[in-house]
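K.L.:
model the structure of this input:
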Amino acid sequence: MKNFRTMILEEREPGLGLLTLNRPECLNAMNDEMLVDFEELFDYLTRDEPFRVLIITGKGRGFCAGADLADVARYSNTDYFADPERFLKLVQERFGSIVLGIRRIPQPVIAAVNGPAAGGGFSLALACDIRVASPEASFIASFINIGLSAGELGTSYLLPRLIGLSRASEILYTGRKYLADEAERSGLVSRVVPQEELIDAAVSYARPMLQKSIGGLKYTKRALDQNIDAPSLEAAINLENRNQAILVFSKQFFELVKSFIQGSKKSE
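P.N.:
Take a look at the predicted model:
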């Protein structure tokens, strides 16, 4: 299993990866080292495909506090902030690549939100396919609270699609804390469970996926990503047709069809 400096990756069950952000002293805030770790993680998950499903959680009492502001203060007088173009390349685009990376890897990703998910941590949770949370979890689009636009790291794209434009607007404009029970009522979070049951709840969503083909999971994720903005029903079906034509020729398709038929006969 690959080792990282700021996160722990383990195989929870065959085919199921558990990624734990491991900077509990600062609520797992993202620093330069974590950005590098995420880059290496996405390459590993895409190239080697060691898991079918990935769960992400945080160590300690936080999920992820977003960018480590201590880094921001430390770099304020360096060439990171020499001009907007350099900042865009060295900082902004690297943080944005975390959200894009979650969507680009082939594995469905489940966020087990164990505490505050603020700023970039909120964006990380939004980028996941499914979210479960403990009562201690909270979500804060804190960008606007430090003088930035709340349209940051995909929040203005993902949040309205998950909970609707009106509710998303209120959360993004105010920068208020969005608690776990409210997140569950709005559909952002699938379930809220006690802290000690959180990982098991995430695993319960993952287990049915582990029985599916690798290609089936990967192309379902791609279809969901692309067809939410499809220009027409016909364009959406064209993408689905392409995906199905590819998967029909996989070995797993015929094996699973055979198993399905045999199982149907036994139940008769």
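K.L.:
residue 172 against residue 156, yeah?
P.N.:
Yes - counting by Cβ atoms under 8 Å, residue 156 is a contact partner of residue 172 at 6.9 Å. All C-beta spots, glycine's among them, are computed from the backbone N, C-alpha and C.
K.L.:
out of those two, which sits in the busier spot?
P.N.:
Remark: of residue 172 and residue 156, residue 172 carries more neighbours, 20 against 15, as counted by other Cβ atoms under 10 Å.
K.L.:
which residue sits closest to that one, ignoring its sequence neighbours?
P.N.:
residue 150 (3.8 Å; Cβ to Cβ, 6 or more residues apart in numbering).
K.L.:
who's in contact with the one you found?
P.N.:
141, 143, 144, 156, 172, 173, 175 (Cβ atoms under 8 Å, 6 or more residues apart in numbering).
K.L.:
for those, give me CSV that also has pLDDT.
P.N.:
Output for those, formatted as CSV (pLDDT from 0 to 100):
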residue, pLDDT
141, 95
143, 93
144, 93
156, 97
172, 97
173, 97
175, 96
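K.L.:
how is this structure divided into domains?
P.N.:
By the assignment in automatic domain parsing, the chain contains the domains 7-210, 214-267.
K.L.:
looking at those, which is buried most?
P.N.:
Among the domains of the chain, domain 7-210 has the highest mean neighbour count (mean count of other Cβ atoms under 10 Å), at a mean of 19.
K.L.:
off-centre distance for that domain?
P.N.:
Centroid separation for domain 7-210 versus its chain: 6 Å, with Cα atoms, centre = their mean, to the nearest Å.
K.L.:
measure that domain end to end?
P.N.:
Distance between the two ends of domain 7-210: 23 Å, counting by Cα to Cα, to the nearest Å.
K.L.:
how far off centre is the helix or strand where residue 234 lies?
P.N.:
Applying DSSP states H and E as the criterion places residue 234 in helix 233-248. Here the centre of helix 233-248 is set off from its chain's centre by 25 Å, with Cα atoms, centre = their mean.
K.L.:
so where do the strands sit in the stretch 101-250 of the chain?
P.N.:
For the stretch 101-250 of the chain, strands defined by DSSP state E, counting those that start in this stretch occupy the ranges 109-113, 116-118, 130-133, 138-140, 177-179, 191-192.
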